[in-house]
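[1] need a structure here:
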Amino acid sequence: MDVRALKYTDDLRGDVLLFVAEDQVENYNWPTPLMKSLSEAQGFGGKFGETAYLAYLEDGAEKPRQVILSGLGKSAELSLEKLRRACGKALNEADKRKIQTLSMLPWSLDVLAAAAVARAVAEVALLVGYRFDRYLAEKKERSLTSLQVCYEEEQEVDVIRGLKLGQTLGQATNMARNLVNEPANYMTPEQLAKEAIEAGEQYGFAVEVLEEEAILELGMEAYLEVGKASANRPRLIIMRHLGNPSEPQEILGLVGKGITFDSGGLSIKPAQGMGAMKSDMGGAAAVIGAMSAIAAEGLKLNVVAVVAACENLISGTGYRPGDIIGSMSGKTIQIESTDAEGRLTLADAVYYMVTKEKATKVVDVATLTGAAIIALGNTTTAVLTNNQELYANLELASESSGERIWQLPSFPEYREQNKTPYADLKNTGGREAGTITAGLFIEAFVEETPWLHLDIAGTAFSAKNQDYLAEGGTGVGVRLLYHFAESLV
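    Numbers count the residues shown, from 1 in each chain. The predicted model follows:
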């Protein structure tokens, strides 16, 4: 969708979008008296989630003017995420009414800054228009193709800045959605590496791809064990944005789980739902998208992202339950389940990040455990950390992005569940507290580095359309990681 800024004039014509708060309806500065009376006749009250459609013929006009009203609820309770959802409902209503171009009237509520509003609206405009239709012979185009965000003269700089960032974040999130939605017969480890290279060329970050021999030289035994059964060989994808060369020692490391298909290995998953395991590289998609936004906006910090991409399949060469394997750190791992594979690849990837790339802060993002879905559903990302200051930055990023997070405890007793008398660690801690023990398994490989673990198993994929989320990959993590990185500048 084309999104642009437009200076507001009182004689603005065409179809319009108005956001109205519940406690603002009576005193709202309606563009025309007729618009106000028609909204009253429809009983529009500005409640959150409420939309109304008006159409009327103005004097001398050849076709009716169409108006979409979207309620924000009480202004004191308004947040950017509520605005996003209200905007998504409004744009979907406009599309249903076959409106092609919509002009959003200037923002007038002081509870949210104009720049943040413009950013959120631009994000939604791109996200709500997303369709993964590459494999459809007949593609259904949306009617709404253009959104003009009007501004008062004093809002111009803020609105233009906000729209630019919103479009960057919307495009990067949609890229991540595409990566997740591609079927696994196309999105192999090799193809994921190619996609990262293309993103680097488009947005301006460096990409290095290591093949199996180079990965073996690094000693990444745990990672390579996971990929042994597949004909599609692993690729280690390393992305770099060196935006602060004056402080080369300060590096933010992003690590994304990149299992392009997860059968569960010999601990095979049930057939029902296995097709969705193409989304097990949602963490990789998140860090590729985040790197694209970070580079596009030129954030002044050094960021390195790593994806240990591979497939977890079944063959005579695959690893088995009961095996004891090595890792890049030198720690040995007893395999309790070959379906607990993501943490093995992440163990080597985070250790590589802190020892080879010298990252001073590490965030790993992974569709790691079904237990995260049981605990928090599909609305909230589970987080573990060894550094509360870092988590405070993530909370601020959550508020800015609207991507919900929730911190889980990491008491010493949970680490005991990952112990075994036969190796340094085992790769599952049992059914109890599965999300926590999986995260703490990864923690064992970050050494003393400040670290955040994001389990996006429940948030990376949506089973239905929701306001501005399309069915399929959500692109979760892209905007969250961008705002987190921004908070460190």
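
[2] Quick one: end-to-end distance for stretch 363-376.
    Distance between the two ends of stretch 363-376: 20 Å, counting by C-alpha to C-alpha, to the nearest Å.

[3] Which of the residues in it are classified as buried?
    Using 16 or more other C-beta atoms under 10 Å as the test for burial, stretch 363-376 gives 363-369, 371-373, 375-376. The way it works is simple: take the backbone N, C-alpha and C, and place the C-beta from them, glycine included.

[4] do the same with stretch 398-411
    In stretch 398-411, counting by 16+ other C-beta under 10 Å, buried: 398, 400-403, 405, 408, 410.

[5] What are the boundaries of the helices in this structure?
    33-41, 80-96, 114-128, 156-181, 189-203, 212-217, 221-227, 282-296, 342-355, 370-376, 388-401, 412-416, 434-443, 478-487 (DSSP state H).

[6] Tell me which of those helices sits most buried.
    helix 282-296 (a mean of 30; mean count of other C-beta atoms under 10 Å).

[7] relative to helix 342-355, how tilted is that one?
    30 degrees (axes from the mean of the first three to the mean of the last three C-alpha atoms, to 10 degrees).

[8] and the angle for helix 282-296 with helix 189-203?
    Going by the same axes, to 10 degrees, helix 282-296 makes 20 degrees with helix 189-203.

[9] and of the helices of the chain, who's closest to Lys47?
    Between Lys47 and the helices of the chain, the shortest gap by C-beta to C-beta is with helix 80-96, which sits at 10.3 Å.

[10] Off-centre distance for the closest one?
    Put simply, helix 80-96 sits 19 Å off its chain's centre (C-alpha atoms, centre = their mean, to the nearest Å).

[11] residues contacting Gly166?
    3, 118-123, 125-126 (C-beta atoms under 8 Å, 6 or more residues apart in numbering).

[12] what's the nearest residue to it if we skip its chain neighbours?
    Ala122 (2.7 Å; C-beta to C-beta, 6 or more residues apart in numbering).

[13] Quick check, the one you found in contact with Asp2.
    No - using C-beta atoms under 8 Å, Ala122 makes no contact with Asp2, being 10.8 Å away.

[14] got the domain boundaries for the chain?
    2-152, 171-487 (automatic domain parsing).

[15] weakest of the helices of the chain in terms of mean pLDDT?
    Comparing mean pLDDT across the helices of the chain, the lowest value falls on helix 33-41: a mean of 92.

[16] Need the residues that contact that helix.
    25, 28, 30, 52, 54, 56, 67, 69.

[17] Redo the helices of the chain as TSV? Include distance to Lys140.
    Below are the helices of the chain laid out as TSV (distance: least, C-beta to C-beta, whole Å):
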stretch	distance to Lys140
helix 33-41	31
helix 80-96	11
helix 114-128	14
helix 156-181	16
helix 189-203	25
helix 212-217	42
helix 221-227	38
helix 282-296	24
helix 342-355	35
helix 370-376	30
helix 388-401	29
helix 412-416	48
helix 434-443	38
helix 478-487	25
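
[18] out of the ones you listed, nearest to Gly73?
    helix 80-96 (6.6 Å).

[19] Need the CA coordinates for that closest one. PDB is fine.
    C-alpha atoms of helix 80-96 as PDB (Å, rounded to 0.1, in the frame of the first residue of the first chain):
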ATOM      1  CA  LEU A  80      -0.200   2.600  20.400                       C
ATOM      2  CA  GLU A  81      -1.400  -1.000  20.200                       C
ATOM      3  CA  LYS A  82      -5.000   0.000  20.700                       C
ATOM      4  CA  LEU A  83      -4.500   2.500  17.900                       C
ATOM      5  CA  ARG A  84      -3.000  -0.200  15.600                       C
ATOM      6  CA  ARG A  85      -6.000  -2.500  16.200                       C
ATOM      7  CA  ALA A  86      -8.400   0.400  15.600                       C
ATOM      8  CA  CYS A  87      -6.600   1.300  12.500                       C
ATOM      9  CA  GLY A  88      -6.600  -2.300  11.300                       C
ATOM     10  CA  LYS A  89     -10.400  -2.500  11.700                       C
ATOM     11  CA  ALA A  90     -10.900   0.800   9.900                       C
ATOM     12  CA  LEU A  91      -8.700  -0.200   6.900                       C
ATOM     13  CA  ASN A  92     -10.300  -3.600   6.600                       C
ATOM     14  CA  GLU A  93     -13.700  -1.800   6.600                       C
ATOM     15  CA  ALA A  94     -12.600   0.600   3.900                       C
ATOM     16  CA  ASP A  95     -11.400  -2.300   1.800                       C
ATOM     17  CA  LYS A  96     -14.700  -4.100   2.200                       C
END
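
[20] Might one say that Ala305 is in contact with Ile251?
    No - judged on C-beta under 8 Å, Ala305 makes no contact with Ile251 at a distance of 10.8 Å.

[21] Give me the more crowded residue out of those two.
    Ala305 (29 against 21; other C-beta atoms under 10 Å).

[22] Stretch 126-137: which residues count as buried?
    For stretch 126-137, the neighbour count (16+ other C-beta under 10 Å) marks 126-132 as buried.

[23] Work out the gap between it and the centre of the chain.
    17 Å.

[24] Repeat that for stretch 1-10.
    Distance, centroid of stretch 1-10 to centroid of chain: 27 Å (C-alpha atoms, centre = their mean).

[25] Okay, buried residues for that stretch please.
    Taking 16+ other C-beta under 10 Å as the criterion, stretch 1-10 shows 1, 3, 5, 8 as buried.

[26] try stretch 469-480
    Residues 469-470, 472-480 are the ones in stretch 469-480 that count as buried (16+ other C-beta under 10 Å).

[27] just the residues you listed now: which is nearest Ala199?
    Val478 (11.5 Å).

[28] Relative to Gly330, how far out is the closest residue to that closest one other than its chain neighbours?
    Once flanking residues are discounted, Val478 sits nearest to Gly289: 3.7 Å by C-beta to C-beta, 6+ apart. According to C-beta to C-beta, to the nearest Å, Gly289 stands 33 Å off from Gly330.
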